[in-house]
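[1] A predicted structure for the sequence below; I have some questions about it.
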Amino acid sequence: MNERIQQALQLGICGLVLTCSACKQDEVATPAAGTGGPGEVTMPVPESDNNATSGDDNLDQKVSAAVADLSDRTGIAADAITVINASIVNWGSGAVGCPKDGMSYTQAIVPGVLLLLEADGKVYRYHGRTGGKPFHCPDERAEAPAYGPGKEFM
């Protein structure tokens, strides 16, 4: 029984360490190749690149989708809509920076985008998550990203 308790505690501690590592990824040092001990598993920490795009996470595709939505929403021609900002950001919860009253959201960092579009002198905010379609977020609900670029626009 004592051995089972020790194993459970070790698993719990490992889970806690992994969770904390994921939350504080920028503070985790990547060990040099070949320095791990026998049986040690090392995982590289991805470098942050705010200009990186790939597959359906392409920032240009997200901007195009937001411009099309705003054009449909307002009746303003797409070529009359100006992109003020298009940033890859990290949201502080599953609300993706646009919480609705009475809703509960996961409290975790959510990678995504913040887009600011201007049409007829009015600025429209579009928020989105990586892999998802951006959506219009009214100013009264908009929250700043958890960290990264985009905070200066809020």
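    Perfect, I can see it now. Residues are numbered from 1 along each chain as shown.
[2] run through who's touching stretch 91-108.
    Outside stretch 91-108, the residues that touch it by Cβ atoms under 8 Å, 6 or more residues apart in numbering are 89, 109-112, 114, 125, 127-129, 135, 137-138, 141-146. In this view, the C-beta of every residue, glycine as well, is placed from N, C-alpha and C.
[3] now the buried members of those.
    Applying a neighbour-count criterion of 16 or more other Cβ atoms under 10 Å, the buried members of the contacts of stretch 91-108 are 89, 109-112, 114, 125, 127-129, 137, 143, 145-146.
[4] so for the strand or helix carrying residue 87, mean pLDDT?
    For residue 87, the host element (DSSP states H and E) is strand 82-91. In this model, strand 82-91 has a mean pLDDT of 94.
[5] now the element after that strand, going C-ward?
    Next in sequence after strand 82-91, counting helices and strands by DSSP H and E, comes strand 110-119.
[6] now the strand holding residue 87: buried residues?
    Residues 85-91 are the ones in strand 82-91 that count as buried (16+ other Cβ under 10 Å).
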